[in-house]
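1. no letters, just coordinates:
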């Protein structure tokens, strides 16, 4: 860790973009382990893999510092994601399957993959974006991109701000009326949805299985609620609910819309946060990684209608990326 910090870098563990996940000063072994345990996923193997990646970053930055040029914050979760993306490409499998394969590799093989990812960092970013893209069976420009109407005026600001409101709603597991019916209808338009960490295969809700139930069936609601409840941050849990409702509105307005892949909420929301931030600060496009924590904080404090607007923009971005020549 010291080898990384003395070279002016900082480390973010897990997949969180909060300042609390950052390591920007020397820490004891126990403090580092506690932070990894706090921010890494439910899969305990992820904690060990995170330690390995951090150790290898320290070794590589000492031997080949040029590999880290342009990287101020080393986001361990993102590096793991890039590695799984490269494995998914090589093996022709999904990212969660590639993650399982990664867990079977020796430490030396993991270090080799990490070095390859750092060498081709920009290309890896492009590969990841291609794997995240959504393919639709109609022209993107023919889709009605309706934004969910908001009962409360967009200018209305609750006491404590929208982030606190989302924390309250998320803590109480409050969902809108007809929420589960809306999710059921959405599943008719895609292969399924992924709620939570996309590298955890148990977070996938396949449409074939889910649509074998009725929208009013208790087991259907329990499966969705279970994945939402696994999300630790209540404000992010609520943001997932808002996203599902917005996607359901688009699906309802476009009965012929068919998405060939799973809709991964983490990916969609992440792009929405990025697009919202860069629309306000276009001059920071090349340094977005430095501002991710601020971008997420800003998004949490946006009104539901404003967030829904950027969810739509992110959805359009992913579908445009998935179509040749922007068809």
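-> Nice, thanks for sending it over. Values in this document were obtained by computation on a predicted structure and should not be read as measured data. Numbering: from 1, shown residues only.

2. thought residue 97 was touching residue 88?
-> Yes: the pair residue 97 / residue 88 is scored as a contact, 7.3 Å apart, by Cβ atoms under 8 Å. For the C-beta atoms, the positions are set from N, CA and C on the backbone; glycine is no exception.

3. neighbour-wise, which of these two wins?
-> residue 88 (21 against 16; other Cβ atoms under 10 Å).

4. before we move on, which element is the residue nearest to the spatial centre of the chain in?
-> Geometric centre of the chain, nearest residue: residue 266, 2.8 Å, by Cα atoms, centre = their mean. Secondary structure from DSSP states H and E places residue 266 in helix 265-280.

5. contacts for that helix?
-> With Cβ atoms under 8 Å, 6 or more residues apart in numbering as the test, helix 265-280 has contacts from 15, 132, 193-198, 236, 239-240, 243-244, 284-285, 288, 291-292, 294-296, 298-299, 302, 306-307, 310-311, 313-315, 317-318.

6. do stretch 10-27 as well
-> 1-2, 4-5, 32, 35-36, 38-41, 50, 54, 57, 72-78, 197, 233, 266, 292-293, 295-296.

7. buried residues, the worst-scoring helix or strand of the chain on mean pLDDT. List them.
-> Least confident helix or strand, the chain: helix 121-132 with a mean of 85, by mean pLDDT, DSSP states H and E. Within helix 121-132, the residues scored as buried using 16 or more other Cβ atoms under 10 Å are 121, 124, 127, 128, 129, 131, 132.

8. just send those back as TSV, with distance to residue 270 too.
-> TSV is the format used below for the buried residues of helix 121-132 (distance: Cβ to Cβ, whole Å):
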residue	distance to residue 270
121	18
124	16
127	16
128	11
129	11
131	14
132	9
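
9. show me where pLDDT drops low in the stretch 201-327 of the chain?
-> Scanning the stretch 201-327 of the chain for pLDDT under 70 picks out the ranges 321-327.

10. just the strands in it please.
-> 204-206, 262-264 (DSSP state E, counting those that start in this stretch).

11. deepest of these, which one?
-> Each of the strands of the stretch 201-327 of the chain was scored by mean neighbour count; the highest is strand 262-264, a mean of 22, by mean count of other Cβ atoms under 10 Å.

12. show residues contacting it.
-> The contact list for strand 262-264 (Cβ under 8 Å, 6+ apart) reads 132, 134, 186, 190, 191, 192, 193, 194, 198, 204, 206, 247.

13. where's residue 159, which helix or strand?
-> Here residue 159, judged by DSSP H and E, is contained in no helix and no strand.

14. buried stuff in stretch 198-218?
-> 198, 199, 200, 203, 204, 205, 207, 210, 215.

15. contacts only, for the fifth one.
-> Translated: residue 204. Residue 204 sits next to 96, 192, 193, 194, 262 when contact means Cβ under 8 Å, 6+ apart.

16. residue 255 versus the residue nearest to the centre of the chain, what's the distance?
-> In this view, residue 266 and residue 255 are 27 Å apart by Cβ to Cβ, to the nearest Å.

17. ok, now residue 125?
-> On the measure of Cβ to Cβ, residue 125 and residue 255 end up 35 Å apart.

18. same question, residue 45
-> Distance, residue 45 to residue 255, using Cβ to Cβ: 42 Å.

19. what do you get for residue 21?
-> Distance from residue 21 to residue 255, by Cβ to Cβ: 42 Å.

20. who's more crowded, the two?
-> Of the pair residue 21 and residue 255, residue 21 is the one with more neighbours under other Cβ under 10 Å, namely 21 against 9.
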